[in-house]
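*Asks:* Here is a sequence with its predicted model. Questions after.
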Amino acid sequence: MGNITLNKVSKSFGTTHVIKDIDLAIDHGEFVVFVGPSGCGKSTLLRLIAGLEDVSSGRIMIDGTDATGLAPAKRRLSMVFQSYALYPHMSVRQNIAFPLKMAGNDKAVIDKKVGDAARILNLTDYLDRKPRQLSGGQRQRVAIGRAIVREPEAFLFDEPLSNLDAALRVNMRLEISELHQQLKTTMIYVTHDQVEAMTMADKIVVLQAGRIEQVGSPLDLYKHPANRFVAGFIGSPKMNFVEGAEAKRHDASAIGVRPEHLDISTTEGLWKGKVGVSEHLGSDTFLHVHRDGAGPNDETITVRTGGEVMLAHGDTVYLTPQADKIHKFDAQGLAIK
């Protein structure tokens, strides 16, 4: 099946608590992404599910069976690491077949499963090559192929694209998403890149300091962040935050407005400021505006506008947040409904 449930799962290394009372339900066939800043515990949580780390307390259930004390090999999960971990002296065919050979499968079964995996991953023409003869993206596909042939209940990906260049990252992101649609198997994917999380996930788990801040679909988190941390982490460019008198006008400790929810004018608007850095990306332009009268804790306001806007450094502009897109937060950083 591929249902995974975590009940009050915690992990400590000595006196350091890295995972703190995690409750989480992952349904069969879901693509779930663990996302958060470096050191938030997302990779450790994945390793706990895989059985590569022992839990300090709590339970991990896989398809209704308590897997907390099971060895990794008995959990029927396949893990794809950041490093490809391929055997350099073996061909692509031999690398993909390795777990089947170790499990004692006969040659006919191995050949069929390797052939099926190679076809799904567009590796058929590369089966007799060595890893050194492949690109980074092809090597990662071989590592995924080695996981596929095991026919696991779930795939666990630990930042699998971080060693690839930008173009390959985009291609592999699409390929993994397409693979999920073909296999319909549960996938848990760890990344620090919220763009990967937003574009790939059915469900995102946002982590900070070993705790879950919020769980939901990409659009749920984008439209209804539970707190200031999630609001600032989800979305690119990140949300703008304004404190002081402007926030008090909305009965809040801080307000947040996304760059795409600010109207810009050269003649009138709620906030006056001067254009600093302009980033022209073709279809979009990101303007970094220094707001007049901004408090010491208020950052420069980022505005997302059309690619044809030709404002220059030092130009005076006026910004007006769209009233129905303003997010409000209390003194503890929690969203005010």
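*Replies:* Received the coordinates, thanks.
*Asks:* Please name the residues that touch the spatially most central residue of the chain.
*Replies:* Taking CA atoms, centre = their mean, the centroid of the chain lies closest to A197, which sits 3.1 Å from it. A197 makes contact with 33, 35, 191, 204, 218, 234, according to CB atoms under 8 Å, 6 or more residues apart in numbering. The way it works is simple: take the backbone N, C-alpha and C, and place the C-beta from them, glycine included.
*Asks:* Nearest residue to the second one in space, please, no chain neighbours.
*Replies:* So that's V35. Closest residue in space to V35, ignoring its immediate chain neighbours: A197 at 4.2 Å, by CB to CB, 6 or more residues apart in numbering.
*Asks:* Please flag which of the contacts of A197 sit within strands.
*Replies:* Counted as lying in strands by DSSP state E, out of those, are 33, 35, 191, 204.
*Asks:* Hmm, G36 and the third one touching each other?
*Replies:* So the one you mean is T191. No. Proximity of T191 to G36 does not meet the contact threshold set by CB atoms under 8 Å, at 9.2 Å.
*Asks:* Now do the domain split for the protein, please.
*Replies:* 4-230, 239-329 (automatic domain parsing).
*Asks:* Pick the most buried one from these.
*Replies:* The highest mean neighbour count among these, using mean count of other CB atoms under 10 Å, belongs to domain 4-230: a mean of 18.
*Asks:* Let me see the mean pLDDT of that one.
*Replies:* On average, the pLDDT along domain 4-230 is 93.
*Asks:* Strands along the stretch 1-150 of the chain, start to end?
*Replies:* Secondary structure of the stretch 1-150 of the chain (DSSP state E, counting those that start in this stretch): strands located at 4-13, 16-26, 31-35, 57-62, 65-66, 77-80.
*Asks:* between those strands, which gets nearest to S135?
*Replies:* Ranking the strands of the stretch 1-150 of the chain by proximity to S135 (CB to CB) places strand 77-80 first, at 16.7 Å.
*Asks:* so what secondary structure elements neighbour the closest one?
*Replies:* helix 42-50, helix 136-148, strand 154-158 (3 or more CB pairs under 8 Å, 6 or more residues apart in numbering; DSSP states H and E).
*Asks:* Let me have these in a markdown table, extended by distance to R211.
*Replies:* Below are these laid out as a markdown table (distance: least, CB to CB, whole Å):
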| stretch | distance to R211 |
| --- | --- |
| helix 42-50 | 11 |
| helix 136-148 | 29 |
| strand 154-158 | 20 |
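*Asks:* Kindly state which of those is positioned closest to E243.
*Replies:* Checking the helices and strands packed on strand 77-80 against E243 by CB to CB gives helix 42-50 as the closest, at 29.3 Å.
*Asks:* hmm, who's touching that closest one?
*Replies:* Against helix 42-50 from outside (CB under 8 Å, 6+ apart): 4, 6, 9, 11, 18-19, 22, 34-36, 53-55, 60, 72, 75, 77, 79, 156, 158-159, 188, 190, 192, 207.
*Asks:* go with 6 Å
*Replies:* Helix 42-50 is contacted by residues 11, 18-19, 34, 36, 53, 55, 72, 77, 79, 156, 158, 190, 207 when judged by CB atoms under 6 Å, 6 or more residues apart in numbering.
*Asks:* do the same with stretch 219-235
*Replies:* 194, 204, 206, 208, 213-214, 238-239, 256, 258, 327, 329, 333-335.
*Asks:* Can you check the distance spanned by that stretch, start to finish?
*Replies:* 10 Å (CA to CA, to the nearest Å).
*Asks:* quick one: that stretch to chain centroid distance?
*Replies:* Chain-centre distance of stretch 219-235: 13 Å, with CA atoms, centre = their mean, to the nearest Å.
*Asks:* Closest one to N122 out of the contacts of A197, please.
*Replies:* T191 (22.8 Å).
*Asks:* in which helix or strand would I find the residue nearest to the centre of the chain?
*Replies:* helix 194-200 (DSSP states H and E).
*Asks:* mind saving the C-alpha coords of that helix as PDB?
*Replies:* Extracted in PDB, the C-alpha atoms of helix 194-200 (Å, rounded to 0.1, in the frame of the first residue of the first chain):
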ATOM      1  CA  GLN A 194      10.500  25.700  -1.700                       C
ATOM      2  CA  VAL A 195      10.100  26.100  -5.500                       C
ATOM      3  CA  GLU A 196      10.600  22.300  -5.700                       C
ATOM      4  CA  ALA A 197       8.200  21.800  -2.900                       C
ATOM      5  CA  MET A 198       5.500  24.000  -4.500                       C
ATOM      6  CA  THR A 199       5.800  22.500  -8.000                       C
ATOM      7  CA  MET A 200       6.000  18.800  -7.000                       C
END
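*Asks:* Centre of the chain to it, how far?
*Replies:* Using CA atoms, centre = their mean, the offset of helix 194-200 from its chain centre is 5 Å.
*Asks:* and if you look at stretch 116-123?
*Replies:* Distance, centroid of stretch 116-123 to centroid of chain: 25 Å (CA atoms, centre = their mean).
*Asks:* List of residues touching stretch 309-318?
*Replies:* Against stretch 309-318 from outside (CB under 6 Å, 6+ apart): 264-266, 268-269, 272, 274-275, 285.
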